[in-house]
Every structure is written in C-alpha cells, then in structure tokens.
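S.K.: here are the coordinates; sequence isn't available:
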C-alpha cells in the first residue's frame, strides 16, 4: 500500500514538473512573440516615418524642379516675343544677365541660365559678323562647319564662361537639344562635374519656339518652329543640401539621389557612397523631372539602426512575470485542489467509516436493546404472573419491589436508547390527537406517592384558552414532562412543585418572560405576603416571579377585565393552525449552583458529584428533554437560585385540530371526566390565592361552582340562610378545607357542627373534605372530617371523592370499565401464533394472551412459523420476534407475504374461470415482537410486510392498542 502511494506521489510529482516546464516554455514563447511583435511594430513605424520623410523630400525637390522649368518656359516665351525677328532686339546680353540675376530666386535649382540661338550654316557668316565674334566648341576651338549651330548669345553672369560656345558641338549636348525641341520638354544630361565647384551637376535644356506655334503641334512643326534653346546647370549637391536644411530630422536619415537611366550602373547625384549591406532600412522615392528619357530616384535610409523600444523589453518581461504569477496561482490552486481532493477522499473514507460505525452502532444498540430487554421481558413478565397468584403480604411486597426496580431499569435503557437515536438523527415525532389536560394529570399521578412521602405540594394548572385536544406526539411530550417533573420532585424536600401550561401568546408579559426569561436568579424574586410568606403555591420563595400571584392572576379565565385587551390577539391565533404552548415546572428545591448551570443540559453531567450520590440519576434526562423540545419547534430555559429553587420552562409548537376531526377527537379523548357533577356548588377554604386558583381549575373541569374563602369562619358564614333546607345542587353541599387553614383547636364552632352531623342532629351541615399533602395526615384528621383527600389533586380524584360522599351515580365510560373485558372480547377464541427463540419470552407472551382468552400456539423459529402459516391456515394473528437464529422475523414475514400473494393469485384465477364471485384475500396480521426499539428496526418491520410493532416487555395498554387495530374484523383470516 505504501509502495503504491509512493509511486502515485512520484508520478504526480513528475507530471507537475513536466507541466511546470511546459508552462515556462509557453511563457517564454509568449514573451518572445510579444517582443518580436512590438519590435516589428516599432520597425514598421520607423519605416513609415522614413517613407514619409523621403517622399516629402522627393516631392519638394520635384515641385521646385517643376517651378524652375515653368520659369524657364516663361523666359523662353519672353525671348520669343522680345528677341525673335526684332531689329534691333529688345534683349541684349546686359539685359538678359540683369534680368536672370534678379529672378534667380525663382529658379533655386539652377546655378545659371544661358540662351543659345538656333543658327543654320548659311547664316553663320552673317551671324558672326553681326556678333563680332567667332563660335567656339566646348574645347574653345573654332566651331567646325555643320548644318546647324546653337551658339550661346545670352548668359547669366554665373555662366558667362559659356558665351560664344556652340552647344551643338558636343555629342551629348547635341542629342539633348534635338530631344528637347522634338518633345517640347526639359531634357537633362548625364551627371558631370561642374566647372568651378567640382560638384556633380546636370544641364537642363529647354527649346524656345516661335510665338505662333500651336499647342498641338507635331514634332516636325516643333522642330521648324524652334528659334533657340535655354539651358541651365544644376548643382545637384548644393541644391539638395539646401533643400534638406529646410526639414527637421535630417540628422536621422541619409539621402542619396541617383540617375538610374542605366539601371545596372546608377550614377549618384547626391549623398555619400553606401553599400546596401550596411543600410539598416531603405526607401526609394521616384523623382520625375519631366525628362521621359531619363529616370531619377531618391534613396533614404536611417543614419543609424533604429533603437529597440523600451516597451519591446518591458512588455515581454512583464508578460513573463504575469505568466509566472498565473502559473504560480494555478500551481497553488492545483496543489490546493489536490490537498482538498485528498481531504475529500479522506473525508469520504471517514464518512464511510462513520456510516459503517453508525450502522455498527445501530446494530449494537439493537443487539444490546434486544439482549437486555429479552431477559427484562421475561423478568417483568414472570413477576406479573407471580403477582397474579396467591401471595402473602411480604411476598407480594418483594415481588412489587422487584417489578418497580425492573421498570426503573427499563426506563433507564429507554433513555439511553433515546439519546442514541437523537444523536443519530433517527428519532421521529408522531402527530396524533391527544387530550393535554388528561396527559398532565397522568404525569402528576406518576409522582403522587413520592410527593406524599415528602409532604410537598404537587399541582398542575392549564389555562382555559389552551385547546382541549391538540395534535402532536403525546409520548415524547409526556417524556419531557416526566423528566422535568421527576427532577423537580426528586430535588425538592419542602414547598411545592407546580406545573403550569398556557399559550405563549396569551400574555405579552408572560411571553416576554418565556423568550427573555430571567436566568440564574437575576431579577427573579417573588412578591411576599404581609405575614412573611410568599405568594406562591406553597408559600415558599420561588426562583422567579412568573408563578407568583401578581403574574399568575393574569392568566385566570375568570378575570375577564384583564384579558379583554388580548381578545384581538387571541382571535388571530385561534385562526392559526399552530398552538404554541409554554410549560413551566417550578420547584422550591435545592436549586442549581451557579458554576454548574452552564452544563445542565450536557449528557451524563450533574451539578456536582454529591448529587449523584445523594439523589441518584444518570444526568441524561435534561439532555433528552432539550433535544425533544427542539424537535417540537421549541426550546428549554431555566431560572435557578441555590437553596431557593428552579423553574424550567419549555416551549412546544403543536398543531391545532381542524373542525372536521375535533368532534370525534373530543368524544374519544375528552370524556374521561364525568358530567354528573355539573351545577354543584362547593366552598373552598384556602388562604393562598395561587393554590386556590389551581384547586378551582380542577373543580371547573367537573362543572362544579366553587366559592373561595380565606378562613373557616368566613366559610361558615356562607352557610347562613340555609337552615332547614335540604341538600340539593342549588345549595352548597361540600366544604373543602386546606390542611394549613384547618385549626381544630380554634375552629370550635365548625368542629361542634361536625360532631352534630355525625350524631344526626344537623342534617344540613355540608360534607367536609380536608385536603392534605401527606398520607400521615389521613389518620390524624380522619376522625374529625368526612373525607381526607391526599394531594396531588386531580379532577378524577375529586370526582371519586364526591361520588363517595354524596352517593352520586356516575356512569362509567365503557372503554374504562371494560377495557380488560373489551380486550378479552377481541382475543377470546382467537388463534394466535407466537414466534420467539426464547422460551421464557414464549411463556410470558403466551400467558399474557391466554389471560384474555386467546388460543396460543408457540414456535421457536421462523421456519416453523412458515410451515404453520402456509395458506390456508387457522391463525388469526401472529406475534413474530425479529432477531432469531437460522431465519429472522423479517425474512420469515417476507416469505409469508409471498405465500399469501401466490395463494391469492391462484384463487383469483380459479374464480375468474368460474362464476367470478369476490373473495377475501389472505393477509395475516403480523406484529413485530422484539426488544429492539431502534427506528431503523421499525422501518425494516414495515418494509418487510409487518403490520405493527410491539416492543418487549409489553403491557396491557400496548397490547390493547396493537390488537384493537389489527385483530378487529379479522374473523376469518383463512377463508
């Protein structure tokens, strides 16, 4: 494994190195491309600049040449007008020299101008006699005879050396003259060294015609009309140099002017000699001087090689740096991706391991639950069977004690499993209707014996605006209350434990206290009465003031004036489908130390080590309660002060019943209280307003009208005017007295009337009921009053007391009086198959079912059950254990369902082929009977085809609920 990991890491490292090298190469290539691109752009701009400068200079030179030619043409016209055939001529040498000298600025390209007269041979003698000189050749010799001559007669002072020279004596000059007169254009000679300056130059020749020459004259006409020739010498070097001085940037470029008439041997007119190999950049501009027989061009180049632009260096460098940074970022991102991928891989592995561990944990919990509950089922079942036999008092006490310990152990197992289910997120809440007030009474009754042993007040109060029936999970709701009330009773040795239920929106003050409750005893003192006692349920100081009389009276239903302001708010919430309840459990026990309050809801943690030794417990109840409250959409908070007490408050969000199911739910859940006492009147003597309000709440539930008095003397005055009257429902027939308000040594008058009543002398004296908190007070006051009622008070205990005193006939609910009988009616004669691999559990289950008249058959494996349940069979139901060897209950149920499906299909085919009558399909009710209470197990039960779930050990209530759903109507399961 390590070798493979090392090899993978090595390959990954080589891949990264290759990718990094490729990235660097790409970065270098990109930077080089940018460098050459910018460099070529710079060269293009330099070339464009060179082209612009060269073309501009060539254009200026051509323009000035054209201007010079135009001036020569104008001078020729002047000569043809003022000299030709004029006798005498208007123009002479002096005039010509002066005129051309003053107008030389108009001909900047020419060093001077001369005029040569066209002369034929027969005119030579007369011409020389008139001029007074002989014509000479270029070599200063007498011109030889020839057909035609062109002696210079007028010249500018700069060309005075050309006077008397026959311009046709030279071969090249003769050719130029002949071309000039034939074309009518200026003609240039080959470059030559000028006399005097030794500069390169050319001679410009321009024919002068008679004034009457037409514009479209032919060549012959031009030749015949020619009267002379104008010529001028161009000092090309000087002229070009003067021209270039006018331009900026001349120091950057080199200009050369060439005569390229002979392309193979171009003749330089201007510029330094250069080799094409040394030229960095060259541009050639064509020069058109008007001579169609000669070609000229201007060659421009940079004096020095154009420098490389800074951007061609900085931009590639910056690009390379950016590529490297991007590469670094990509490399870092790649590394981070690999790291995250590796972490994800490890997380997936850990997730897989965690899921496997969760599955193993669920299986472990299921196994542990099954293995613990299986012997517990046998233990409790056998104890229940033992208690059903004839036992002595001592034996019965031992058996009941063992049964109580077993149930406590079962409760502890359930708490641990609930915590495990909460941590794994597999706990789900039911949504069923339940009577909230009956549930509260049931929770209080669980701790009645403990409160009587400690002689503490234990009471419950539900506000009138709380709906009677709500939708929620009653089992989890009961579990929260049981934990909180159990803790309150356990840690309280004097005073009271008070449970109160109201709507969160019923009072702005109360809602504010719930949501922003005073914690840790701050601002939590209650109001005290004038005698030093506190206005609480028992008169002991409580941790906060929410259950004091000043706040508690705001919630009493008979204080209409205090609730009018909330009518609009209540009507709004009545329209809502949610019921937000606030349940507070107040005690006057030992409280919670300040340093331990932060870890109250931590699982398996208690206030300190002494708590577990003194009071016992595991410290898991509050943790479970907090989680369950949050699942119900609420939360738990508390207020506590050491040696004063604690008040735990939790919010629960339940659903309101809709109108279509309210009536049925009310009939099934709210008729537990008898209605025979409605309209009766009673007097309650109690000096504590909170306690009297709680007692009145239970009387109102029975329909009894109660008048509350502070003392016994005030209570006796209430009977005035009743002498001689018989006891009726319109008269006060009962007197309830709290034990702390009853003083036999002082209340002599009432004591005498009681004695007279017992002797039959005062028939109108009401029945007296003394309310006490301890069983010991029953014997103490039993001979004095009619009945001693031991708290906690519930509506059912009051009903039983009144029925006993006044002999009122109360029809029992059929469900209550006949539940065992009804269960018997469901099971009597039914054939039930019990499948369990544990013989003890088989005996317990069989005994529990036989107790209600069922015919039970037991088998120890799923295979045996399949053999017995092959359709058709005689069984009406089956209780199937889940965990069994060879074949578990799930597989057995699946096979049973397959057999039923096959049998149903066969029966349908037979009926279709016959008369087509309907049949009842095979479907045996199968209940999972297991000690495993994990949610996943329940889901697997439903998935495998089971109809219900009964956890072991099961009691009469659980058995009734399961059987009433499945067995009813299955009178013929094997038709």
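M.R.: Structure's in. What do you need? Owing to the predicted nature of the structure, the values given are computational and were not obtained by experimental measurement. Residues are numbered from 1 along each chain as shown.
S.K.: now stretch 322-335: buried residues?
M.R.: Within stretch 322-335, the residues scored as buried using 16 or more other Cβ atoms under 10 Å are 323, 327. The C-beta positions use only the backbone N, C-alpha and C, and glycine is treated the same way.
S.K.: next helix or strand past the biggest helix by length in the chain?
M.R.: Taking DSSP state H as the criterion, the chain has its longest helix at helix 2-82. Next along the chain after helix 2-82, taking DSSP states H and E as the criterion, comes helix 93-102.
S.K.: pairing partners for the longest strand anywhere in the chain, with directions?
M.R.: If you go by DSSP state E, the chain has its longest strand at strand 645-656. Sheet pairing for strand 645-656, assigned by DSSP bridges, gives strand 469-472 (antiparallel), strand 578-587 (antiparallel), strand 636-641 (antiparallel).
S.K.: what are the buried residues along that strand?
M.R.: Buried, per 16+ other Cβ under 10 Å, within strand 645-656: 645-652, 654, 656.
S.K.: check stretch 487-498 too.
M.R.: Buried residues in stretch 487-498 (16+ other Cβ under 10 Å): 487-492, 495-498.
S.K.: which ones among these lie within strands?
M.R.: 496-498.
S.K.: got those residues as a markdown table, with distance to residue 164 columns?
M.R.: Formatted as a markdown table, these follow (distance: Cβ to Cβ, whole Å):
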| residue | distance to residue 164 |
| --- | --- |
| 496 | 157 |
| 497 | 155 |
| 498 | 153 |
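S.K.: show me which of those residues is closest to residue 221.
M.R.: The closest of these to residue 221 turns out to be residue 498 (Cβ to Cβ; 144.7 Å).
S.K.: and the gap between the closest one and residue 591?
M.R.: Distance of residue 498 to residue 591, given as Cβ to Cβ, to the nearest Å: 15 Å.
S.K.: before we move on, what about residue 306?
M.R.: 96 Å.
S.K.: of the two, who's got more company?
M.R.: Of the pair residue 306 and residue 591, residue 591 is the one with more neighbours under other Cβ atoms under 10 Å, namely 21 against 17.
S.K.: got the contact list for the residue nearest to that one when sequence neighbours are not counted?
M.R.: Leaving aside its sequence neighbours, residue 591 sits nearest to residue 642 (Cβ to Cβ, 6 or more residues apart in numbering; 4.3 Å). Residue 642 makes contact with 590-594, according to Cβ atoms under 8 Å, 6 or more residues apart in numbering.
S.K.: pull up the gap between residue 642 and residue 595, please.
M.R.: In terms of Cβ to Cβ, residue 642 sits 10 Å off from residue 595.
S.K.: and residue 856, by the same measure?
M.R.: On the measure of Cβ to Cβ, residue 856 and residue 595 end up 58 Å apart.
S.K.: residue 638 and residue 645 touch, don't they?
M.R.: No: using Cβ atoms under 8 Å, residue 638 is not in contact with residue 645; the gap is 10.7 Å.
S.K.: quick one: residue 892 and residue 862 touch, right?
M.R.: Yes: the pair residue 892 / residue 862 is scored as a contact, 3.2 Å apart, by Cβ under 8 Å.
S.K.: what do those two both touch?
M.R.: 835, 880, 884.
S.K.: helix, strand, or coil at the last one?
M.R.: With DSSP: H, G, I helix; E, B strand; the rest coil as the basis, the three-state label of residue 884 is coil.
S.K.: how about it, what does it touch?
M.R.: 835-837, 860-862, 892.
S.K.: switch to 6 Å and redo it
M.R.: Applying Cβ atoms under 6 Å, 6 or more residues apart in numbering to residue 884 gives the contacts 837, 862.
S.K.: one more: the second one?
M.R.: Contact analysis of residue 880 by Cβ under 6 Å, 6+ apart lists 835, 889, 926.
S.K.: over to it: give its phi and psi.
M.R.: Here is the backbone geometry of residue 880 (degrees, to the nearest 10): phi -110, psi 120.
S.K.: for the one 5 residues further on, same thing?
M.R.: The phi/psi pair for residue 885 (degrees, to the nearest 10) reads phi -70, psi 160.
S.K.: how close does it sit to residue 896?
M.R.: From residue 885 to residue 896 the distance is 18 Å (Cβ to Cβ).
S.K.: what of residue 622?
M.R.: Residue 622 is 44 Å from residue 896, by Cβ to Cβ.
S.K.: again with residue 422
M.R.: In terms of Cβ to Cβ, residue 422 sits 34 Å off from residue 896.
S.K.: the more surrounded of the two?
M.R.: Legend: neighbour count by other Cβ under 10 Å for residue 422 and residue 896, higher for residue 896 (27 against 18).
S.K.: shouldn't the more buried one be in contact with residue 869?
M.R.: Yes: Residue 896 lies in contact with residue 869 (Cβ atoms under 6 Å); the separation is 5.3 Å.
S.K.: show me where the stretch 501-650 of the chain has helices.
M.R.: Assigned by DSSP state H, counting those that start in this stretch, the stretch 501-650 of the chain shows helices spanning 508-515, 549-552, 560-563, 567-575, 609-615, 621-631.
S.K.: and what of the stretch 301-450 of the chain?
M.R.: Under DSSP H, counting those that start in this stretch, the stretch 301-450 of the chain gives helices at 311-387, 393-424, 436-446, 448-454.
S.K.: now those helices in CSV, with distance to residue 900?
M.R.: Converted to CSV, the helices of the stretch 301-450 of the chain look like this (distance: least, Cβ to Cβ, whole Å):
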stretch, distance to residue 900
helix 311-387, 27
helix 393-424, 32
helix 436-446, 39
helix 448-454, 49
